[in-house]
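Trainee: Quick one: sequence and predicted model below, then my questions.
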Amino acid sequence: MKCRKCREAAVIEIRRHNAAFCRDCFLEHCNRQVAKAIKEHDMCLEREHILVAISGGKDSLALWAILTDLGYATSGLYIDLGIGEYSERSHKFAVDFANTRNLELKIVDLTEDAGFDVSGGARSSHRPPCSVCGISKRHWFNKVASEGGFDAIATGHNLDDESATLLGNLLHWQVEYVARQGAVLPATNDGFVRKIKPLIRLGERETAAYCVLSGIDYIVDECPMAAGNTGLAYKAALSVLEDFSPGTRQMFLGGFLSHGRERFFGADEEVRLVSCRVCASPTPAADDAECAYCRLKPKSRHSGFSDG
Ligand code: Q46
Ligand code: ZN
């Protein structure tokens, strides 16, 4: 197998592109795919400052490396969710990556700020752990980005993640979620910072290969809370289709973003937002002006984050 670009020996084959690449051409290919996604969806401008959501896994670290390579000014934000050994190890991968590349990594410790870790918050609120995790991450990404004057928050959602989410939403006809699923969620006047997903043209096999081939160490284990998550079943179903017909995921998600999504516009209700009376984050006016994150917290706590 030869590299499509330089004809040297290939190290990876990507069937949906009907191509194989050597190490250097593969890394370049990944950079190009991210640059293309950014341009195609008007995600951000060259001079903008981007906050990258870092989990210590392959997607977020590959994303941070690629955005930096492409010349964007970036800082990372790692949220320690207090998930035992998983959090300890992922924290270390995030810090090591930032130190090696001399990049700024901001760190939030959920237990310190909120008084609960993900499991504790789930027990006391009777919510699933991933719901407590999602609420906490959304809160902190937006808070740090808006207080730090960042133009956008970049997350490591890849082609496999986004196509699985789309499949799940369509299977349940959650049309308001479908209408809101995009490569870019624009900033709002109410205080939400723009969110962007620059990895939507790369599958998780490619982000893993990117890390291995560029010497990035990342946490390989899945978060232990992910077990039994229906998203994994949707990913597996799409893998069967992808094996049978390479390019299925790209066609499914790419087609949706370019001409399917607009057909769902209007399916999501416009929600009036106000400032949370505790932390000033934007929150729906209907919820007694207290955001979902503050409602999870014991009342004596208040917020703060540190640079690490
Ligand atoms: S980190 Fe958080 Fe995921 Fe773990 S607790 Fe669930 S949502 S599975 S992206
Ligand atoms: Zn709040």
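Mentor: Looks like it came in fine. Numbering: from 1, shown residues only. Ligands and ions are numbered 1, 2, ... in the order given.
Trainee: Quick check: closest non-adjacent residue to the residue most central in space within the chain.
Mentor: The centroid of the chain falls nearest to residue 155 when counting by CA atoms, centre = their mean (2.9 Å). Spatial nearest neighbour of residue 155, excluding adjacent residues (CB to CB, 6 or more residues apart in numbering): residue 53 at 4.7 Å. C-beta here means a position set from N, CA and C on the backbone, and glycine is covered the same way.
Trainee: The one you found reaches residue 137, doesn't it?
Mentor: Yes - Residue 53 is in contact with residue 137 according to CB atoms under 8 Å; the separation is 7.2 Å.
Trainee: all strands of the protein, in order?
Mentor: For the chain, the strands defined by DSSP state E occupy 12-14, 19-21, 49-54, 73-80, 105-109, 152-154, 184-185, 194-196, 273-275, 282-284, 306-307.
Trainee: export those to JSON lines and tack on mean pLDDT?
Mentor: Output for those, formatted as JSON lines (pLDDT from 0 to 100):
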{"stretch": "strand 12-14", "mean pLDDT": "97"}
{"stretch": "strand 19-21", "mean pLDDT": "98"}
{"stretch": "strand 49-54", "mean pLDDT": "98"}
{"stretch": "strand 73-80", "mean pLDDT": "98"}
{"stretch": "strand 105-109", "mean pLDDT": "97"}
{"stretch": "strand 152-154", "mean pLDDT": "98"}
{"stretch": "strand 184-185", "mean pLDDT": "95"}
{"stretch": "strand 194-196", "mean pLDDT": "97"}
{"stretch": "strand 273-275", "mean pLDDT": "86"}
{"stretch": "strand 282-284", "mean pLDDT": "86"}
{"stretch": "strand 306-307", "mean pLDDT": "46"}
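Trainee: of all those, which lies closest to residue 261?
Mentor: Closest of the strands of the chain to residue 261 is strand 184-185, at 11.2 Å (criterion: CB to CB).
Trainee: Name the residues of the stretch 51-200 of the chain found near ligand 1, please.
Mentor: Taking CB under 6 Å from any ligand atom as the criterion, the neighbours of ligand 1 within the stretch 51-200 of the chain are 118, 129, 130, 133, 134.
Trainee: quick one: which of these has the most company?
Mentor: The residue in these with the most neighbours, by other CB atoms under 10 Å, is residue 118 (26 neighbours).
Trainee: Tell me how far that residue lies from residue 31.
Mentor: 34 Å (CB to CB, to the nearest Å).
Trainee: Repeat that for residue 179.
Mentor: Plainly put, residue 179 is 31 Å away from residue 31 if you go by CB to CB.
Trainee: How about residue 56?
Mentor: In this view, residue 56 and residue 31 are 22 Å apart by CB to CB.
Trainee: now residue 168
Mentor: 30 Å.
Trainee: same question, residue 243
Mentor: Relative to residue 31, and taking CB to CB, residue 243 is found at 27 Å.
Trainee: for residue 182, same thing?
Mentor: For residue 182 relative to residue 31 (CB to CB), the value is 23 Å.
Trainee: Compute the number of surrounding residues for the residue nearest to residue 155.
Mentor: 24.
Trainee: now residue 146
Mentor: Neighbours around residue 146, by other CB under 10 Å: 18.
Trainee: Output the below-cut-off pLDDT ranges for this protein.
Mentor: Across the chain, the ranges flagged by pLDDT under 70 are 287, 298-308.
Trainee: try 80
Mentor: For the chain, the stretches with pLDDT under 80 are 267-271, 285-288, 298-308.
Trainee: Just list whatever residues bridge to residue 53.
Mentor: residue 77 (DSSP bridges).
Trainee: and what of residue 20?
Mentor: Applying DSSP bridges, one finds that residue 20 bridges with residue 13.
Trainee: Spit out the contact partners of it.
Mentor: The contact partners of residue 20, by CB atoms under 8 Å, 6 or more residues apart in numbering, come to 1, 2, 3, 4, 10, 12, 13, 14.
Trainee: likewise residue 120?
Mentor: So residue 120 contacts residue 82 (CB under 8 Å, 6+ apart).
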